[in-house]
Structures are given as structure tokens and as C-alpha cells.
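In: Just to be clear, the model below is a prediction. Sequence and coordinates:
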Amino acid sequence: MNRILITGGAGFLGSHLCEFLLDKGADILCIDNFFSGDKDNIRHLFSHPYFELSRHDIIHPFFAEVDKVYHLACPASPIHYQHNAIKTVKTNVIGTINMLGLAKRTKARILLASTSEVYGDPKVHPQTEDYWGNVNPIGIRSCYDEGKRIAETLTMDYSRQNNVQIRIARIFNTYGPRMAINDGRVISNFIVQALRGEPLAVYGDGNQTRSFCYVSDLIKGLTALMESENITTPLNLGNPDEFTIVQLAEKVLKLTKSSSKITHKPLPPDDPVRRCPDISLAKQKLNWKPEIDLDEGLTKTIAYFKKKLKK
Ligand code: NAD
Ligand code: UDP
């Protein structure tokens, strides 16, 4: 049986991953400190005979015998990761060392959930894996961006120095059901604002771009990467359809049939101007590409938030 440890398993992506892998017959051990995750995301799995949950903060060592580790623990939304920036760095540095140490001891394969933020405010567009990025090392996003960059460095060094089997996924903006209502990311904010009849707050002029991947596509990409032979350098996973933030706001208004208006708020420092993944490598090596376009994904996500807000 495949014994799989998922760090951050009670979070948005982690909970979908737990579900997906249980369906495939894996034995799942989920660890989480519930900083930005929620028991409600995984409550429906508690009665599953192959699901185990442990409240644990990965900045402390953890011991378990497993075959694979999906290392996702780290707050992902700017509001959450900036709330306690030093803790975000500790999670990325000490937490990642602890998980790489576990993988080394157990000879488990480990997949690091890295991010498009390693490219910072990119000068290369779309972003290819060989681009080294344009990251401010001392700004308010640095705890996350630089944290993930050192997590990638550590992962590569454990591979070179200790022969740990590694995979590194550079995940681009992903959305879907189970994003936290208050997590501050753009899609959840806009949907909640539209459903409540509040103005949609676009930061800056809204001409900055992002490329949004629906969660089920991302999970298929992550698991394909974990199971792949010999992809030991970072790999982009995301949807290459690029939209401005104003276009996104207009789409959300249309799909929710909301009469909310768009307002503008100041752009936070170091907010990347353009972001779009080049996914040629994932297409070629994993035969993977996203299937769900933004309209379809938003419709599913809106349905989730409608139910959640009714509660
Ligand atoms: P999330 O905040 O919903 O999930 C992160 C989970 O990690 C939460 O359950 C949180 O409680 C847990 N956690 C945080 N610090 C921890 C610690 N010290 N010990 C134990 N658990 C801890 O975020 P998400 O969107 O599910 O992101 C999951 C991973 O994917 C993160 O590593 C994130 O950087 C990466 N990622 C996500 C996206 C995205 O768009 N969703 C994009 C790029 C990268
Ligand atoms: N954004 C916005 N309104 C919001 C939240 C975010 O206009 O309520 C903008 C934000 O400035 C950024 C983009 O939307 O340009 C994506 O923000 P998010 O926090 O979702 O992700 P990230 O910046 O990490 O890609």
C-alpha cells in the first residue's frame, strides 16, 4: 500500500489532494497546524479507514514511516503569509528541512509545492522554468517568495547531497471550492463580494494579469509529477490562459448576476505586473494540460461559495 504523508493537508489544495489520493487507494497521513487550513475541509474524510489526521506544526520534527511526501504546508495567500512573516520563513526553511530529513530517513519521494512567486515580478513572459526570477529580497512578499526559493534550494541540495528523490512543482494561481472565505485571494474575494452585493475591490488599475488554474486540473498535474520518472528539476503547473484583474472582476459579476460595482484600492507593494506559465515542459513530460476553463471553474466555485455563505 502507498503510505503518503501530506503536509498542509487541511488546506485548500491539501484537502483536494487527500480526497484524490484516498480515491486511488492510498493510505493518507495528513498533518496540519490549522493556521490557514480548516478541519471542515477534511471532516468528510474522518470516517475513511485509510485517513489519519495529526495536528502538528512542521517547524518541529515529525516522525512517521511513509513512501511519499507531498509537502504543501505553508500559508499561500498574501494576507495569511504576511500575518506572521517570520513564521512563514520558519515554515519554509525549518519545516522544509524537517520534511526533507524525514524523506531522507524513510527513503520516501518528496514533492515540494513551490510557486510562481519564485519568478517575482517577472521580466520574462510567459515564465519558463529556466528563468531565475526578479524577486525583491527585503519586501513584504519576501517571506513567501524567498522562503519558497530557499525551500527549492534545500530540496535540490538534499537530492544532490543525499540522493533524496525529489519533485518540485511551481504552482501558478489555483482556485476552487474550499478556498477560505477570508483568505484574501482575488477569486474568493471577488466572488464573496459579488454574492454579498458589495463592491469588488480591484487593487491598482486592474491591468495586472494572472492565469488561473482550476483545482482539479492542478491536483492531476501534481500527482502526475509525483508519479513521473526522473523529473528532478522544477516544473510549472498552471493554466496558461491569462486575464487582467479587471477582466476577472467583470466575469465574476456576469456569472454571479450581481449588481455590485467595481471600485479601486491601492496596489500592494511588489504586486507582480504579469504572470502566465509556460507549461510546455509539463505537456511534454507529463502529457498534462488543464481541461477546465475560467468560466466553468468560476461557475463551480461560485456554487460552493453560495452554499457556504448560506450556512
Ligand atoms: P492553504 O493556506 O489553504 O493551505 C496551507 C495549509 O498548510 C493550511 O492547512 C495550513 O494550516 C497549513 N500550514 C501552514 N503552516 C504550517 C505549519 N507550520 N505546520 C503545519 N501546517 C501548516 O494554501 P493552499 O492554497 O492550499 O496552498 C498549499 C501549498 O501550495 C502552499 O505551499 C502554497 O505555497 C502552494 N501554492 C498554492 C497556490 C495556490 O494558488 N493555491 C499557488 C502556488 C503555490
Ligand atoms: N487583487 C485584487 N483584489 C483583491 C485581491 C487581490 O485586485 O481583493 C489583485 C492583487 O493585487 C493581484 C491579483 O489580484 O494583482 C492576484 O492576487 P492574489 O492575492 O489572489 O494572488 P497573487 O498576488 O499571490 O498572485
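Out: Nice, thanks for sending it over. Numbers count the residues shown, from 1 in each chain. Ligands and ions are numbered 1, 2, ... in the order given.

In: Now do the helices in this structure.
Out: Using DSSP state H, the helices of the chain run over residues 12-23, 78-83, 85-90, 96-106, 142-162, 186-195, 215-227, 245-256, 280-286, 294-310.

In: closest one to Phe46 among those?
Out: Among the helices of the chain, helix 12-23 comes nearest to Phe46, with 11.0 Å by C-beta to C-beta. Where C-beta positions appear, they are placed from N, C-alpha and C, glycine not excepted.

In: returning to what we had before: any chance of TSV for the helices of the chain, columns distance to ligand 2?
Out: Output for the helices of the chain, formatted as TSV (distance: least, C-beta to the nearest ligand atom, whole Å):
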stretch	distance to ligand 2
helix 12-23	12
helix 78-83	5
helix 85-90	13
helix 96-106	20
helix 142-162	8
helix 186-195	3
helix 215-227	14
helix 245-256	5
helix 280-286	19
helix 294-310	13
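
In: does any part of stretch 226-239 sit near ligand 1?
Out: No: on the criterion C-beta under 6 Å from any ligand atom, stretch 226-239 is out of touch with ligand 1, staying 8.1 Å away.

In: Okay, buried residues for that stretch please.
Out: 226, 228, 231-232, 234-239 (16 or more other C-beta atoms under 10 Å).

In: before we move on, the earlier item: CSV for the helices of the chain, including mean pLDDT?
Out: Formatted as CSV, these follow (pLDDT from 0 to 100):
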stretch, mean pLDDT
helix 12-23, 98
helix 78-83, 95
helix 85-90, 98
helix 96-106, 98
helix 142-162, 98
helix 186-195, 98
helix 215-227, 98
helix 245-256, 98
helix 280-286, 98
helix 294-310, 97
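
In: can you list these in JSON lines and add distance to Val124?
Out: Formatted as JSON lines, the helices of the chain follow (distance: least, C-beta to C-beta, whole Å):
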{"stretch": "helix 12-23", "distance to Val124": "26"}
{"stretch": "helix 78-83", "distance to Val124": "22"}
{"stretch": "helix 85-90", "distance to Val124": "26"}
{"stretch": "helix 96-106", "distance to Val124": "26"}
{"stretch": "helix 142-162", "distance to Val124": "16"}
{"stretch": "helix 186-195", "distance to Val124": "23"}
{"stretch": "helix 215-227", "distance to Val124": "21"}
{"stretch": "helix 245-256", "distance to Val124": "21"}
{"stretch": "helix 280-286", "distance to Val124": "14"}
{"stretch": "helix 294-310", "distance to Val124": "23"}
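
In: I'd like the distance between Asn33 and ligand 1.
Out: 4 Å (C-beta to the nearest ligand atom, to the nearest Å).

In: how many other residues sit next to that residue?
Out: By other C-beta atoms under 10 Å, the residues close to Asn33 number 19.

In: show me what contacts it?
Out: 55-58, 73 (C-beta atoms under 8 Å, 6 or more residues apart in numbering).

In: Quick check: the gap between it and Lys90.
Out: Here the criterion is C-beta to C-beta, to the nearest Å. By it, Asn33 lies 12 Å from Lys90.

In: same question, Arg185
Out: As judged by C-beta to C-beta, Arg185 and Lys90 stand 22 Å apart.

In: How about Glu19?
Out: Using C-beta to C-beta, Glu19 is found at 29 Å from Lys90.

In: ok, and does stretch 275-289 reach over to ligand 1?
Out: No: taking C-beta under 6 Å from any ligand atom as the criterion, stretch 275-289 and ligand 1 are apart, separated by no less than 10.5 Å.

In: List the contacts of that stretch.
Out: Stretch 275-289 is contacted by residues 116, 119, 122, 125-129, 170, 172-173, 209-211, 220-221, 224-225, 228, 231, 235-240, 242 when judged by C-beta under 8 Å, 6+ apart.

In: before we move on, the earlier item: and which of the buried residues of stretch 226-239 is nearest to ligand 2?
Out: Nearest to ligand 2 among the buried residues of stretch 226-239 is Gly238, at 10.8 Å by C-beta to the nearest ligand atom.

In: burial count for the nearest residue to the closest one once chain neighbours are set aside?
Out: Among residues not flanking Gly238 along the chain, Phe172 sits closest, at 2.7 Å (C-beta to C-beta, 6 or more residues apart in numbering). Neighbourhood size, Phe172 [other C-beta under 10 Å]: 25.

In: What's the separation between Phe172 and Cys213?
Out: Distance, Phe172 to Cys213, by C-beta to C-beta: 6 Å.

In: Can you pull the residues that touch both of these two?
Out: By C-beta under 8 Å, 6+ apart, Phe172 and Cys213 have these common neighbours: 237-239.

In: Good, we can wrap up now.
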